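1. Fold the following, please.
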Amino acid sequence: MIYVVNIFLQFLCPYKSEDLHDIERTRLVTEPREIRKRYLSSYFAVDVLAILPIPQVLNPFTFSKKKGLNSWSQREVLNALALLQYVPRIFRTYLTWKKLNEISNRIQKSIPLKAGLNLFLYILGSHVVGAFWYFFSIERKMACCCFGQNLKSSPYFWENCFTVTISICGLLLFLYFIGNLQMYMQLKTSKQLKTFKDKKEMAKISDKKQSIKLWIQRNGLEDDPLKKDIIFHTKQKLEEEEDVNVDNPFDLLPKYLRRDIKLRLSMPLLEKVAMFQNKRESLIKHWLLDCLEHVYYYEDSYIVREGEPLDRMLLVTEGVIWKSVSSTGGAASSGWVCLEKGQFCGEQLLEWAGLNDTNPSPCLSSLPISPMTLKTHTKVEAFVLMANDLMGLLNKITVIPRRRGNSDTNQFN
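-> Next comes the predicted model:
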């Protein structure tokens, strides 16, 4: 019955036609004529031979009038035909198993379907082996087969070989089925675990993206054209690396984008510095952009201590810093003030650099001594101008005031 249903379905079911030169170019064939033509030219003959009851039809005519030796010879012919009848059935089972291996990669999500197909092959194989069992039972009926009885063991060699073979094949078929079932169960478990990890990873990435959006909002870049570039590059970085510090996404961005952000965030703070109110020094503040470095301080950490060399100027873009100013004697504190977003400190470094002089010549040994202590109260983001970077910048630009002197002044006046 299974073979009849299979033949009926082969005439109705569409199939995919694949191009041998281009595997990706496939089409679904639904025309009945093409389907019939393909099936008739492939395995139709095998399926027909598998269901033809040749021994059953010949059996009544053969044994109705035959007796004795003639009957025995005719029975041998029918036995051979019965054995040959199972050849196309076994071949068809092999084709089904081969087809299952071909489509196993296409049905990744249907684990029960895979298990069902393997169970079907197991049942089909058991059916073939059981048919041979029945065949040999009838064959040995004349010799009084004693397998499974309390009679004396049969000395017939082929009967014993069949008994051993059927036991081994049954065990192997069962182990094959259990092994495939276990493999599919493990595959399903691994997929569920992978799905769980993917969801967990997506949740982490979503949280990191939200943190980046909050950073953009805190720095006033929400309506800025740079927002799209920031989101694009940070998203690309999150896809490339799992462990990314989103608390400070500034370092994840390319150089050109970091410079544009520095221009947006630090320029309003530099314009508040009294020294840059002069027109000549207003040109220098644009050159300072390349010297500014973005820094991130954790809470309750010291930035500068009183009495130490003041080697940096801070432009606070986020967070709160405690600033303590000592009395003239330097022994007792005269008060504390808070530096918040949009404020700066350490402008004494600019005076040390001699930006007001026509010929500045600073050196690190003459750094001013810090009259204050800076300690973070919260996490702080800032742009810092280090003394060493400032000296390098001055070495490049001191030639401009010397050569152009009054020409720059006249240009701005």
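2. Which of the three states applies to residue 335?
-> strand (DSSP: H, G, I helix; E, B strand; the rest coil).
3. and the protein, what are its domains?
-> Under the assignment automatic domain parsing, the domains of the chain span 2-192, 280-412.
4. any idea which of those domains scores lowest on pLDDT?
-> Among the domains of the chain, domain 2-192 carries the lowest mean pLDDT, a mean of 70.
5. That one: end-to-end distance?
-> Taking C-alpha to C-alpha, to the nearest Å, the span from the opening residue of domain 2-192 to its closing residue is 35 Å.
6. how about the helices in the stretch 151-300 of the chain?
-> With DSSP state H, counting those that start in this stretch as the definition, the stretch 151-300 of the chain shows helices at residue ranges 157-218, 226-240, 255-270, 279-287.
7. possible to save these as JSON lines with distance to residue 126?
-> Placement of C-beta: from N, CA and C, glycine included. Compiled in JSON lines, these are given as follows (distance: least, C-beta to C-beta, whole Å):
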{"stretch": "helix 157-218", "distance to residue 126": "7"}
{"stretch": "helix 226-240", "distance to residue 126": "51"}
{"stretch": "helix 255-270", "distance to residue 126": "68"}
{"stretch": "helix 279-287", "distance to residue 126": "86"}
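8. Surely residue 335 and residue 324 touch.
-> Yes - between residue 335 and residue 324 a contact is recorded at 7.4 Å, counting by C-beta atoms under 8 Å.
9. what about the two, which has more around it?
-> Neighbour count, other C-beta atoms under 10 Å: between residue 335 and residue 324, residue 324 has more, with 16 against 9.
10. Wasn't that one part of a helix?
-> No - under three-state DSSP, residue 324 sits outside any helix and is assigned strand.
11. Let me see the contact set for it.
-> The neighbours of residue 324, taking C-beta atoms under 8 Å, 6 or more residues apart in numbering as the test, are 306, 333, 335, 336, 372, 373, 375.
12. of those residues, closest to residue 235?
-> Within the set of the contacts of residue 324, residue 375 lies nearest residue 235; the separation is 35.4 Å, counting by C-beta to C-beta.
13. and the closest one, that's in a helix?
-> No - with three-state DSSP as the criterion, residue 375 is assigned strand and is not in a helix.
14. who's it bridged to?
-> The residues listed as beta-bridge partners of residue 375 by DSSP bridges are residue 302, residue 322.
15. returning to that earlier point: quick one: the contacts of residue 324 as JSON lines, columns for distance to residue 182 too.
-> Written out in JSON lines, the entries for those read as follows (distance: C-beta to C-beta, whole Å):
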{"residue": "306", "distance to residue 182": "71"}
{"residue": "333", "distance to residue 182": "73"}
{"residue": "335", "distance to residue 182": "75"}
{"residue": "336", "distance to residue 182": "69"}
{"residue": "372", "distance to residue 182": "71"}
{"residue": "373", "distance to residue 182": "68"}
{"residue": "375", "distance to residue 182": "62"}
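16. farthest-separated two in these?
-> Set against one another by C-beta to C-beta, the contacts of residue 324 have their most distant pair in 335 and 375, with a gap of 14.1 Å.
17. Now do the contacts for residue 323.
-> Taking C-beta under 8 Å, 6+ apart as the definition of contact, the neighbours of residue 323 are 336, 337, 338, 339, 345, 372, 373, 374.
18. do you know how far the first one is from residue 317?
-> Relative to residue 317, residue 336 is positioned 21 Å away (criterion: C-beta to C-beta, to the nearest Å).
19. from memory residue 299 sits against residue 321, does it?
-> No - distance between residue 299 and residue 321: 10.4 Å, which falls outside the contact criterion (C-beta under 8 Å).
20. Quickly list what's touching both of those two.
-> With contacts taken as C-beta under 8 Å, 6+ apart, residue 299 and residue 321 have 376, 377, 380 as neighbours in common.
21. Write the PyMOL selection for whichever of those are buried.
-> Buried residues among the shared contacts of residue 299 and residue 321 (16 or more other C-beta atoms under 10 Å), as a PyMOL selection:
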select buried, resi 376+380
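22. rewinding a little: ok, of the contacts of residue 323, which come out buried?
-> With neighbours counted using 16+ other C-beta under 10 Å, these contain these buried positions: 339, 345, 372, 373, 374.
23. Closest one of those residues to residue 291?
-> Using C-beta to C-beta, the buried ones among the contacts of residue 323 come closest to residue 291 at residue 345, 17.0 Å.
24. Now do the contacts for the closest one.
-> Contacts of residue 345 by C-beta under 8 Å, 6+ apart are 313, 314, 316, 321, 323, 339, 372, 374.
25. that older thread, what about residue 299 and residue 321, which has more around it?
-> Comparing residue 299 with residue 321 by neighbour count (other C-beta under 10 Å), the higher total belongs to residue 321, at 22 against 12.
26. On the pLDDT front, check the spatially most central residue of the chain for me.
-> Central residue check for the chain by C-alpha atoms, centre = their mean: the C-alpha nearest the mean position is that of residue 198, 7.3 Å away. As summarised for this prediction, residue 198 has a pLDDT of 81.
27. Check residue 277 too.
-> Per-residue confidence for residue 277 comes out at a pLDDT of 68.
28. sorry, back to before: which of the contacts of residue 345 lies closest to residue 45?
-> Among these, and counting by C-beta to C-beta, the member closest to residue 45 is residue 316, at 86.6 Å.
29. From the rest of the structure, what touches the helix or strand containing that closest one?
-> Secondary structure from DSSP states H and E places residue 316 in strand 312-318. Residues outside strand 312-318 that contact it (C-beta under 8 Å, 6+ apart): 218-219, 265-266, 269-270, 292, 303-304, 321, 339-347, 349-350, 374, 379-387.
30. how about 6 Å then?
-> Judged by C-beta atoms under 6 Å, 6 or more residues apart in numbering, the contacts made with strand 312-318 from elsewhere in the structure are 218, 265-266, 269, 339, 341, 343-346, 349, 381-386.
31. Give me the sheet partners of that strand and which way each runs.
-> Each strand that strand 312-318 pairs with, and the sense of that pairing, follows from DSSP bridges: strand 344-345 (antiparallel), strand 380-386 (antiparallel).
32. returning to that earlier point: pipe the contacts of residue 323 into CSV and attach distance to residue 90 per row.
-> Conversion of these to CSV gives the following (distance: C-beta to C-beta, whole Å):
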residue, distance to residue 90
336, 92
337, 93
338, 88
339, 87
345, 89
372, 93
373, 90
374, 87
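33. Nearest to residue 257, out of the contacts of residue 345: which one, please.
-> Each of these was scored against residue 257 by C-beta to C-beta, and residue 316 proved nearest at 21.4 Å.
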